[in-house]
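Peer 1: Okay, predicted coordinates and the sequence, questions at the end:
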Amino acid sequence: MRLPTLRIIGRGRLWASVSAVLLLIALGGLVTRGLELSIDFVGGTSFRLESIDAAVEVPDLRSAAEAAGASDVIVQLSGEGEGRGALVRTAALEPGSPSALAVREALLRAAGATDVQETFVGPTWGERITRQALQALAVFLVVVSIYISVRLERRMAVAAIVTLAFDVAITVGVYALVGFSVSPATVIAILTIIGYSLYDTVVIFDRVQENQHTLGQPGRRTTAALVNVSLNEVLVRSIATTLTSVLPVGALLLIGGQVLGATTLQDLALALFVGIAIGAYSSIFVAAPLYAALKSREPAERRRVAKAARAGADGADAVVDAAYEGRAPITTDYVRGEGRRGRRRRR
């Protein structure tokens, strides 16, 4: 198979600008709109109505709940036709209390539904769930940071950690922009996409490490050129992995969340969908260019760049010299760290 010859590293400033714009949009959403935390985190009462009238809209249900004495009312509609439903969240109402019963009856009348499922989560439970979710995320990030610091060289580890932070910030920012509630399923999805993004980044950096013995050769005279060649060698694989992952998650988001009205699937699928797409983008256009930029500050690398310039070579040459005899084969051995150097050690 012919390898792509894209000039990715040589356009580092372009990718940095695009990434900065995406990050500013995400952070802007967080600052201006904030996150809508689910009832599991903040506590409260939720009323789930099924088979509501087609003419019922969000203001109708909100007005009915507030008129019955509810406060902090949030309404979400889902599904179409006979499968149309609604989820109404309010401040905590003691189950069986007159206020809870009044809100329940008001929603039934306004929605034209025959039944409603009521869920109550106390503030103490919400605080504990929030604390545990943050602890799980912090522990996961610490473990991941330790792993990549041991697995990769220092500058690769720095680039990988920055990329993980970028992925999480973009994903959380999308939740703020679209107004989806952040639930425990969302936290689980974020932990999943961190692992996915890290895997894709490690594959790219592992290929760079396997090709480092060719540094200084034609088409690989500088680290920027070497990273660019290595990135092209695994680019098709990264894109194929992303597509096979994001398509079923997209179906889960659209069909499960919007058509079938499974809001729990919606919370999970949105984070997975955005995280997988951003993880693929960041591993190629954030992690790899950032590593090349960090390496460019080393004295030895500056000498290589100067030597390449005197020879008339581009420091970020995109030439993929597939015929070069020193080029390591692209196999799954390199994903496991058992490539060229591993075979040499076994001899």
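Peer 2: Happy to help now that I have it.
Peer 1: can you give me how far stretch 116-123 is from the chain middle?
Peer 2: The chain centroid and the centroid of stretch 116-123 are separated by 30 Å under CA atoms, centre = their mean, to the nearest Å.
Peer 1: Could you give me the buried positions within that stretch?
Peer 2: Val116, Glu118, Phe120, Val121 (16 or more other CB atoms under 10 Å). Bear in mind the C-beta positions are built from the backbone N, C-alpha and C, glycine included.
Peer 1: wait, which of the residues you listed is closest to Leu6?
Peer 2: Taking CB to CB as the measure, Leu6 lies nearest Val121 of those, at 49.8 Å.
Peer 1: Kindly state the pLDDT recorded for Asp206?
Peer 2: Asp206 is assigned a predicted lDDT (pLDDT) of 88.
Peer 1: picking that back up, distance to Phe273, pLDDT and secondary structure added to the buried residues of stretch 116-123, as a markdown table?
Peer 2: Compiled in a markdown table, those are given as follows (distance: CB to CB, whole Å; pLDDT from 0 to 100; DSSP: H, G, I helix; E, B strand; the rest coil):
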| residue | distance to Phe273 | pLDDT | secondary structure |
| --- | --- | --- | --- |
| Val116 | 30 | 83 | strand |
| Glu118 | 30 | 84 | strand |
| Phe120 | 31 | 79 | strand |
| Val121 | 27 | 75 | strand |
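Peer 1: for the residue nearest the centre of the chain, what are its contacts?
Peer 2: When the chain is reduced to its mean C-alpha position, the nearest residue by CA atoms, centre = their mean turns out to be Gly275, at 1.9 Å. Applying CB atoms under 8 Å, 6 or more residues apart in numbering, we find Gly275 in contact with Asp167, Thr171, Ala189, Ile190, Thr192, Ile193, Ile194, Tyr196, Ser197.
Peer 1: so which helix or strand takes in the closest residue to the third one other than its chain neighbours?
Peer 2: It stands for Ala189. In this structure, Ala189 finds its nearest non-sequential neighbour in Ala271, 3.4 Å apart by CB to CB, 6 or more residues apart in numbering. Using DSSP states H and E, Ala271 falls within helix 263-282.
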